[in-house]
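In: Attaching a predicted model along with its sequence, questions to come.
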Amino acid sequence: MEMELGWRSRVEDAAKSKPLFVTIYATVIIGVLISSFYVFSALYSPNNSTSFSSISLSTTPVPVAIDSSQPPPVQQDALLPKDTPAIPQKPIWEPPHTEKMPPLDHFRLTKELVQQRVKDNIIIVTFGNYAFMDFILTWAKHLSDLQVSNFLVGAMDTKLLEALYWKGVPVFDMGSHMSTVDVGWGSPTFHKMGREKVILIDSILPYGFELLMCDTDMVWLKNPLPYLARYPEADVLTSSDQVVPTVVDDSLDRWQQVGAAYNIGIFHWRPTDSSKKLAAEWKEMLLADDKIWDQNGFNDLVHKRLGPSVDEESGLVYAYDGNLKLGILPASIFCSGHTYFVQAMYQQLRLEPYAVHTTFQYAGTDGKRHRLREGMVFYDPPEYFDTPGGFLSFKPSIPKSLLLDGEHTIESHFTLVNYQMKQIRTALAIASLLNRTLVMPPLWCRLDRLWFSHPGVLEGSMTRQPFICPLDHVFEINVMLKELPEEFGPGIDIREYSFFENPSLPKQVKDSWLDVQLCEEGSQGCALNQTSRPGVLKLPKRTNEETLKMALSLFKDVKVIQFSTMQDAFAGFTDQTREEKFRRRVKRYVGIWCCVMDHTPGHIYYDIYWDEKPGWKPIPPQTPQDDHPPT
């Protein structure tokens with residue numbers, strides 16, 4: 001009232017002045033009053049919603065290292081929804097300007113908290129515990145690189161919540177009070193995480209926002225939101241475990257031809273009556289029976305009724321109660337671990353992938369991480385790319401006949417893999433002696449690996465033979481990275497085969513390189529400690545432990561030592577005790593191939609010392625007593 005009287009007094013004073021001045025003065029005052037009215041209305045309206053602006057850490061989604069001590073630069077995106085006032089928002093990756101952690105209530109999941117990050121009425125959510133911190137950072141970094149900022153991370157333990165808060169990643173408290181360690185697939189805690197997902201979906205949908213729910217072991221390679229917007233009638237869009245293509249373009253998979261499970265690692269929900277009904281029943285089902293796997297429960301519900309098609313064009317199908325409109329995301333571009341890493345389906349169909357989810361893989365969480373590293377889509381800190389002691393690599397030697405000649409059989413597959421495995425065994429020994437990290441070579445396979453009987457490759461899939469198979473098809477990556485007791489000798493660190501192609505590899509590593517070329521002892525120029533030209537060292541074949549260490553001792557500061565071949569590169573350890581420890585270690589490094597048709601058990605153990613056993617053949621265990629790793 002005082003403000004209104006003040007303005008009125010000034011207008012009356014102005015009325016005593018000249019008419020032109022009165023007109024101008026009155027016009028200015030009225031304009032200010034109208035502007036003030038709109039500003040206060042926008043600020044205090046109950047329907048007001050704000051949105052964080054989109055932040056880009058990179059103009060293209062190229063892997064770069066995350067430096068936790070110095071967050072990447074951020075750039076404000078001026079493109080805000082039309083109905084959102086342009087109020088500055090806290091950007092992603094910008095650490096909070098405070099030294100004190102807010103109370104946990106500050107991070108409680110509420111509609112207001114979610115609304116702060118919503119854009120175009122959509123929120124993207126993942127969740128996990130501290131054991132998956134690096135996966136979550138990778139997930140968030142890919143989205144922000146794609147200039148997608150409307151996401152939130154649910155923290156299942158306080159340690160993760162605090163870590164993400166201080167890194168500037170938008171986070172909320174799930175109130176789970178969960179352990180900070182890796183829970184392992186299929187464990188009771190794993191199933192608890194699945195129930196948390198369902199509870200989360202059931203909690204967010206009533207807020208009225210669209211929800212794109214993701215597992216942490218997947219990454220976004222392309223902004224999915226424009227694709228999802230192509231299907232505005234869909235209540236739920238889900239990924240699947242389909243390995244046989246049903247379409248050759250980027251349309252939804254044909255629901256009539258999808259025989260695999262719908263995978264809930266990537267799925268999109270609209271807040272419709274049908275979807276909210278499904279979420280509520282799904283939650284009740286899981287809370288009533290803790291033996292039901294969340295994904296199986298979802299599949300059972302949506303398959304209660306499946307069909308008919310919603311229309312002839314969209315690819316949507318009526319499901320669940322006959323009212324829910326369901327779409328199945330194409331497996332070629334919303335990729336599983338099989339369609340991406342084994343089939344490379346998107347490449348063969350000339351499509352751009354939106355996402356990859358690390359399913360169809362082995363060796364647990366370590367296997368998932370290694371898969372993403374092989375694909376150069378995992379974000380590691382700078383020290384991963386420049387480790388103390390440097391790196392060792394070699395150029396694998398594979399005869400054409402082993403790769404391409406003859407039929408693709410169990411025998412030809414093992415002949416090919418064994419030939420490569422022997423070279424890797426030699427490289428592991430040299431890496432152990434030199435205390436260097438071994439960069440694994442690409443591993444070629446003739447046959448796929450699965451957890452059930454199959455004819456070599458899945459019928460109808462696009463798997464080519466031979467193919468570069470993920471390392472976890474042959475090697476137990478989780479064992480290779482595990483700290484073993486002293487009886488197994490010193491550990492040997494490894495890197496993925498694509499390591500030197502990664503854009504995050506620093507210049508100081510690229511520029512510090514020694515090529516080791518093997519030669520016949522006694523031939524011209526084949527002498528220890530002599531380089532034929534800068535950056536090249538000639539080394540006699542079949543060098544023993546002491547000679548090898550002496551020859552390469554002058555190159556301790558070189559970042560990368562690359563052997564031209566591992567054939568006949570090493571004659572063996574001089575220290576018998578060390579050799580026994582090494583043998584104990586690497587025997588545990590290899591896994592199984594699975595599985596032979598019409599035989600129980602159908603798996604066949606790889607043997608890294610196969611060449612020391614005359615007449616060795618790739619056959620499954622013939623008796624229960626034989627069913628153990630090779631000794």
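Out: Structure's in. What do you need? In this text, all values refer to a predicted model and were calculated from it rather than measured experimentally.
In: buried ones in stretch 380-391?
Out: Buried positions in stretch 380-391, judged by neighbour count with 16 or more other Cβ atoms under 10 Å: 380, 384-385, 390-391. (C-beta placed from N, C-alpha, C; glycine too.)
In: mind listing which of those are in strands?
Out: When DSSP state E is applied, the buried residues of stretch 380-391 are split such that Phe391 fall in strands.
In: Widest-spaced pair of the buried residues of stretch 380-391?
Out: Across the buried residues of stretch 380-391, the two members that end up farthest from each other (Cβ to Cβ) are Asp380 and Gly390, 16.9 Å apart.
In: Stretch 374-384 spans what distance, first to last residue?
Out: Here the two ends of stretch 374-384 are set 14 Å apart, with distance taken as Cα to Cα, to the nearest Å.
In: if I read this right, Met218 contacts Trp139, doesn't it?
Out: Yes - taking contacts as Cβ atoms under 8 Å, Met218 lies within contact range of Trp139: 7.2 Å.
In: In space, what's closest to Thr158 - neighbours in sequence excluded?
Out: Excluding its sequence neighbours, the residue lying closest to Thr158 (Cβ to Cβ, 6 or more residues apart in numbering) is Leu104, at 7.3 Å.
In: and the one you found, how far is that from Ile199?
Out: When distance is defined by Cβ to Cβ, to the nearest Å, Leu104 is 18 Å away from Ile199.
In: And these two? Which one has more around it.
Out: A count of neighbours by other Cβ atoms under 10 Å puts Ile199 above the other of Leu104 and Ile199, at 18 against 13.
In: is it true that that one lies in a strand?
Out: No - read with DSSP: H, G, I helix; E, B strand; the rest coil, Ile199 is helix and lies in no strand.
In: residue contacts, it?
Out: Taking Cβ atoms under 8 Å, 6 or more residues apart in numbering as the definition of contact, the neighbours of Ile199 are Lys283.
In: Same question for Leu301.
Out: With contacts defined as Cβ under 8 Å, 6+ apart, the neighbours of Leu301 are 278, 281-282, 285, 320.
In: How much space separates it from Leu554?
Out: If you measure Leu301 against Leu554 using Cβ to Cβ, the figure is 67 Å.
In: And for Trp610?
Out: 35 Å.
In: ok, now Gln567?
Out: Separation of Gln567 from Leu554 (Cβ to Cβ) stands at 24 Å.
In: Can you pull out the residues in contact with the helix or strand hosting Ser275?
Out: Secondary structure from DSSP states H and E places Ser275 in helix 273-288. Residues lying outside helix 273-288 but in contact with it, judged by Cβ under 8 Å, 6+ apart, are 194-195, 198-199, 201-202, 205-206, 235-236, 269, 292, 294, 297-298, 300-302, 320-321, 323-325.
In: Just these: which are in helices?
Out: Restricting the contacts of helix 273-288 to those inside helices, with DSSP state H as the criterion, leaves 194-195, 198-199, 201-202, 294, 297-298, 300-302.
In: For Pro534, state which of these is nearest.
Out: Checking these against Pro534 by Cβ to Cβ gives Gly194 as the nearest, at 57.6 Å.
In: Find me the pLDDT at that closest one, would you?
Out: We have a pLDDT of 64 for Gly194.
In: Domains of this structure: list them as residue ranges, please.
Out: Using the TED database, the domains assigned to the chain come out as 104-340, 365-626.
In: All set, thanks.
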